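# sequence unknown, structure follows:
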């Protein structure tokens, strides 16, 4: 009788062969070996097949090339080919520390959970811009640490860059919904929670996440997140939180301060601008101290503004389009 595998790692990839190579290299360095890896190439023009050939003798690895369907359905396809008790999803632009599976094993052996997520962090090899984006998306003073920096989170909502689910729980909710543009991972987390499953943050099960490589891509990523946030609030009753509005309010008040000061010459405009100046100065100082580099600190206030701008506009767009 064939021994059942504990974990099935599913990775959907689209036109990222170099990043898949980095991910598989990090997975091959794991000391824990009771897992399989399933790569689903989602109709890429730049195939990852050659990368698969390089690693097939190092780890238990399968590769499937399918017609482009988007990450949600590509991951669902990967699950149909899996044999593990747990399904783990990584984004293709992640790499995995060698203790990852040991940390997961340690936690789930002591805690009765149905799915989990872990934080994403930066690697020293990342560019200044990637480190700045990492700061903007994870800092306590920019996002409140909601992406896994808090060790105590009520009903933690895992994201697809680092997400593990019991196979039976995944199957019970029908897997990922067919959402191509935004929010398919949060949608799955909500489906699991509303179906009675228990989530957890495994704080030490971290991944390195490379982020976007330019500000335009980062803006559109945030736009889709803001748009998706409103869509999810409509789909799942009582999931709205006041902090979902913060980026929109932030951008609205910023624009208002410019109008009040430049066009109407009201003093309140300069007072509001001064508050923004203090906030961005705090970001510069905090990021500089954390990253030990003033250049990253400088980029961090730019990436934070882009983050709020993209998310805020996306949220407004979602409201005006009624989530469509």
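Perfect, thanks for sending it. Please read these numbers as outputs of a predicted model, since none were measured by experiment.

# with residue 251 as the reference, measure out to residue 216.
Applying CB to CB, to the nearest Å, the value for residue 216 to residue 251 is 17 Å. For the C-beta atoms, the positions are set from N, CA and C on the backbone; glycine is no exception.

# who's more crowded, the two?
Legend: neighbour count by other CB atoms under 10 Å for residue 216 and residue 251, higher for residue 251 (19 against 11).

# check contacts around the closest residue to the more buried one other than its chain neighbours.
In this structure, residue 251 finds its nearest non-sequential neighbour in residue 312, 4.0 Å apart by CB to CB, 6 or more residues apart in numbering. Applying CB atoms under 8 Å, 6 or more residues apart in numbering, one finds that residue 312 lies in contact with 226, 247-252.

# now which of the residues you listed would you call buried?
226, 247-248, 250-251 (16 or more other CB atoms under 10 Å).

# closest to residue 268 among the residues you listed?
residue 250 (16.8 Å; CB to CB).

# so what pLDDT did the closest one get?
pLDDT for residue 250: 93.

# would you mark the buried spots in stretch 73-93?
With burial defined by 16+ other CB under 10 Å, the residues of stretch 73-93 counted as buried are 73-79, 82, 84, 86-93.

# please apply the same query to stretch 117-134.
117-120, 122-123, 126, 129-134.

# buried stuff in stretch 220-228?
221-228.

# dump those into CSV; add secondary structure as well.
Putting the buried residues of stretch 220-228 into CSV (DSSP: H, G, I helix; E, B strand; the rest coil) gives the following:
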residue, secondary structure
221, helix
222, helix
223, helix
224, helix
225, helix
226, helix
227, helix
228, helix
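
# return the member of these nearest to residue 264.
Using CB to CB, the buried residues of stretch 220-228 come closest to residue 264 at residue 226, 28.4 Å.

# who does the helix or strand where residue 280 lies touch, helix- and strand-wise?
Using DSSP states H and E, residue 280 sits in helix 267-291. Secondary-structure packing of helix 267-291 (3 or more CB pairs under 8 Å, 6 or more residues apart in numbering; DSSP states H and E): helix 128-138, helix 246-258, helix 294-320.

# which stretches of the stretch 51-200 of the chain have low pLDDT?
145-155, 181 (pLDDT under 70).

# repeat that with 90
Counting by pLDDT under 90, the ranges of the stretch 51-200 of the chain that qualify are 51-54, 56-58, 120-127, 137-140, 142-157, 178-183.

# show me where it has strands.
Under the criterion DSSP state E, counting those that start in this stretch, the stretch 51-200 of the chain contains strands at 61-66, 86-90, 94-95, 115-117, 120-121, 162-166, 199-201.

# from residue 271, how far off is the residue lying farthest from the centre of the chain?
What lies farthest from the middle of the chain is residue 265; by CA atoms, centre = their mean that is 42.0 Å. In this view, residue 265 and residue 271 are 13 Å apart by CB to CB.

# do the same with residue 17
Counting by CB to CB, the gap from residue 17 to residue 271 is 52 Å.

# the helix or strand encompassing residue 219 versus helix 294-320: what angle between them?
Using DSSP H and E, residue 219 falls within helix 215-235. Relative orientation of helix 215-235 versus helix 294-320 (axes from the mean of the first three to the mean of the last three CA atoms, to 10 degrees): 40 degrees.

# give me the helices and strands touching helix 215-235, please.
helix 184-194, helix 294-320.

# run the last query once more with 6 Å
helix 294-320 (3 or more CB pairs under 6 Å, 6 or more residues apart in numbering; DSSP states H and E).

# relative to helix 128-138, how tilted is the helix it packs on?
50 degrees.

# how far away from the center of its chain is helix 294-320?
16 Å (CA atoms, centre = their mean, to the nearest Å).

# which parts of that helix are buried?
296-297, 299-316, 318.

# now the helices and strands packed on helix 267-291 in a markdown table, with distance to residue 62?
As requested, the helices and strands packed on helix 267-291 are exported to a markdown table (distance: least, CB to CB, whole Å):
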| stretch | distance to residue 62 |
| --- | --- |
| helix 128-138 | 30 |
| helix 246-258 | 40 |
| helix 294-320 | 36 |
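
# I'd like to know which of those helices is closest to residue 199.
Comparing the helices and strands packed on helix 267-291 by CB to CB, helix 128-138 comes nearest, at 19.1 Å.

# please report the distance of residue 199 from residue 233.
The value you get for residue 199 to residue 233, if CB to CB is used, is 19 Å.

# next helix or strand past the one helix or strand residue 25 maps to?
Here residue 25 sits within helix 17-28, counting by DSSP H and E. Moving toward the C-terminus from helix 17-28, the next helix or strand (DSSP H and E) is strand 35-42.

# sheet-wise, list the partners of that following strand with their directions.
strand 7-13 (parallel), strand 61-66 (parallel) (DSSP bridges).

# mean neighbour count for the ones you listed - can I get that in JSON lines?
Formatted as JSON lines, those follow (neighbours: other CB atoms under 10 Å):
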{"stretch": "strand 7-13", "mean neighbour count": "25"}
{"stretch": "strand 61-66", "mean neighbour count": "16"}
